[in-house]
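In: the following block contains a protein sequence and its predicted model.
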Amino acid sequence: MDWKLPIVSNLWAFPRGMTRDGAAGPRSAEWSARYGSVIVSGYEIATTDGLNEAGLMANLLWEVEATYPGDDGVTPRVSLSVFAQYLLDRYATVAEAVEDLRENSILVAGGEVPIGPPGRAATVHVSLSDATGDSAIIEFVNGEMVVWHDRSYQIMPNEPTFERQLAILEYWQGVNPPPILARHRPRHRPLRARASLHQLGGAKRRSPHRRRLCLQRDPPDLGALGHLHRRPAEPVDDPLARRGRPQGPALLR
């Protein structure tokens, strides 16, 4: 989770077997962690990124248009601050997570950004990846959870929604190179990232986390629940500036 202000991040190692709840008030979901995980906290109250011992990775990213479901009075609830941890605790693969989320509904309860102007909603979406190279993107659109599942879904900017992102990629398919590659707004980043993936050998996904984690079995003094914050990645070398016109990248389907 890259953010313009410090989000008071620390690394936490959580063992399997921990008992948790959704921290969303009445009808909060309850579960025991099937998998240990290493995460980085956001403001020491939320999990923003993490990796579990089975190789499942979850990452939050700001998404300006996210709107969360209202309380229907029936469905179990999970706070946005622990949603990524809910995924890491319960699932070994992306396919398992997607199937369960579709068959056993939960309501993700939104909240405000802890620091900054009062009343600013914390609007995010979630990416999932695993050791097999599978991927999914979870968004909250018009108060509904929307899950996009395909191993080719490797790019997720701050905006727009993923459905519109795919439309942008399709629109520019075959234009070599797209003229907006030099721009840096969020809606233009998928095109830049796709060109970079193509230059790096593109369609084949290589998982960076195939090794299993060895986590301590005895819970430490955990204090407040933490959530993961990664350091900003090193800048990607721009293939346009370096080599001129790149070859047309394949559409992500």
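Out: Arrived safely.
In: can you give me the neighbour number for residue 72?
Out: Residue 72: 10 surrounding residues under other C-beta atoms under 10 Å. Every C-beta, even on glycine, is put in place using the N, C-alpha and C of the backbone.
In: isn't it up against residue 105?
Out: No: if you go by C-beta atoms under 8 Å, residue 72 and residue 105 don't touch, sitting 9.3 Å apart.
In: wait, a helix at residue 59?
Out: No: using DSSP: H, G, I helix; E, B strand; the rest coil, the assignment for residue 59 is strand, not a helix.
In: ok, the closest residue to residue 5 other than its chain neighbours - contacts?
Out: Excluding its sequence neighbours, the residue lying closest to residue 5 (C-beta to C-beta, 6 or more residues apart in numbering) is residue 115, at 6.3 Å. Going by C-beta atoms under 8 Å, 6 or more residues apart in numbering, residue 115 touches 5, 7, 43.
In: sort out which one of these lies nearest residue 163 for me.
Out: residue 7 (28.4 Å; C-beta to C-beta).
In: that older thread, out of the contacts of residue 115, which is most surrounded?
Out: Neighbour counts for the contacts of residue 115 (other C-beta under 10 Å) peak at residue 7, which has 21 neighbours.
In: hang on, that one packs against residue 44?
Out: No: counting by C-beta under 8 Å, residue 7 stays clear of residue 44, with 9.2 Å between them.
In: in which helix or strand does residue 41 reside?
Out: Using DSSP states H and E, residue 41 sits within strand 37-42.
In: quick check: buried residues in stretch 105-116?
Out: Using 16 or more other C-beta atoms under 10 Å as the test for burial, stretch 105-116 gives 106, 107, 108, 109, 110, 113.
In: Throw those residues into a markdown table and include secondary structure, thanks.
Out: A markdown table is the format used below for the buried residues of stretch 105-116 (three-state DSSP):
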| residue | secondary structure |
| --- | --- |
| 106 | coil |
| 107 | strand |
| 108 | strand |
| 109 | strand |
| 110 | coil |
| 113 | coil |
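In: could you save the residues you listed as a markdown table and add columns showing distance to residue 131 and pLDDT?
Out: Formatted as a markdown table, the buried residues of stretch 105-116 follow (distance: C-beta to C-beta, whole Å; pLDDT from 0 to 100):
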| residue | distance to residue 131 | pLDDT |
| --- | --- | --- |
| 106 | 24 | 94 |
| 107 | 29 | 95 |
| 108 | 25 | 94 |
| 109 | 30 | 91 |
| 110 | 30 | 87 |
| 113 | 32 | 78 |
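In: of the residues you listed, which is the nearest to residue 163?
Out: Closest to residue 163, out of all of those and judged by C-beta to C-beta, is residue 108, at 18.7 Å.
In: and the closest one, what does it touch?
Out: If you count contacts by C-beta under 8 Å, 6+ apart, residue 108 has them with 68, 69, 77, 78, 79, 80, 83, 140, 145.
In: many thanks, have a good one.
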